[in-house]
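In: Attaching a predicted model along with its sequence, questions to come.
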Amino acid sequence: MARSAPPSHGTGGSQPENDPFWALHGVEDRAPEGAVLYTGNVRIPGGDSVRWQYAKEADDLLAEDWTDQASALAALGHPVRLQILHAVLHGTASAAELVDEIATGTSGQIYHHLKELTSSGWLLSPKRGSYSVPGARVVPLLTILLAAGTPQ
């Protein structure tokens, strides 16, 4: 279940600086049968702070139909879309600014990518021509990027 409440800070007296697996030990304590957890506390450039935690039992996650996530993952599968998300998280909010900042194609192409990101939930458009990354998507996005860049 998704939560925006403060995440726990270790278990049994473990602190992150003393135990590199403090988060893993917390998951093992709470879900000995197995679970997957991601959590984050992120200060977005510009000052906003996002705190997020989500966990699911491993058996439930393995039993799901993963194709339900295809559109959300596909939306992230284009370099221009990742540039757009990066720019928006760093304060570029308008479509016009994005067209100027991301010099990879026409304004029509940028608007196409904005539509894909908006329809898949990675961006919100609270008013015409203005975009933001929903707070509930910041930590999941950074988690996906972290996982994609994890050395093998």
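Out: That came in fine, so what should we check first?

In: Would you map the helices across the protein?
Out: Assigned by DSSP state H, the chain shows helices spanning 22-30, 58-63, 70-75, 79-89, 95-101, 107-119, 135-148.

In: With mean pLDDT added, can I get these in CSV?
Out: Output for those, formatted as CSV (pLDDT from 0 to 100):
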stretch, mean pLDDT
helix 22-30, 91
helix 58-63, 95
helix 70-75, 95
helix 79-89, 96
helix 95-101, 92
helix 107-119, 95
helix 135-148, 93
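
In: out of those, nearest to Ile44?
Out: For Ile44, the closest of the helices of the chain is helix 79-89, at 5.9 Å, according to CB to CB. Placement of C-beta: from N, CA and C, glycine included.

In: how much distance is there from stretch 86-103 to the middle of the chain?
Out: Centroid separation for stretch 86-103 versus its chain: 18 Å, with CA atoms, centre = their mean, to the nearest Å.

In: List the buried residues of that stretch.
Out: 87-89, 92-93, 95, 97-99, 102 (16 or more other CB atoms under 10 Å).

In: Of those, just say which sits nearest to Ser71.
Out: Checking the buried residues of stretch 86-103 against Ser71 with CB to CB, the nearest one is Val88 at 19.1 Å.

In: give the contact list for the closest one.
Out: 98, 123, 131-133 (CB atoms under 8 Å, 6 or more residues apart in numbering).

In: redo that, cut-off 6 Å
Out: By CB atoms under 6 Å, 6 or more residues apart in numbering, the contact set of Val88 is 131, 133.

In: State the distance from Ala23 to Tyr38.
Out: Distance from Ala23 to Tyr38, counting by CB to CB, to the nearest Å: 9 Å.

In: hmm, I was thinking of Asp68
Out: In this view, Asp68 and Tyr38 are 18 Å apart by CB to CB.

In: The two - which one has more neighbours?
Out: In this view Asp68 and Tyr38 are compared by other CB atoms under 10 Å, and Tyr38 has more residues nearby, 17 against 8.
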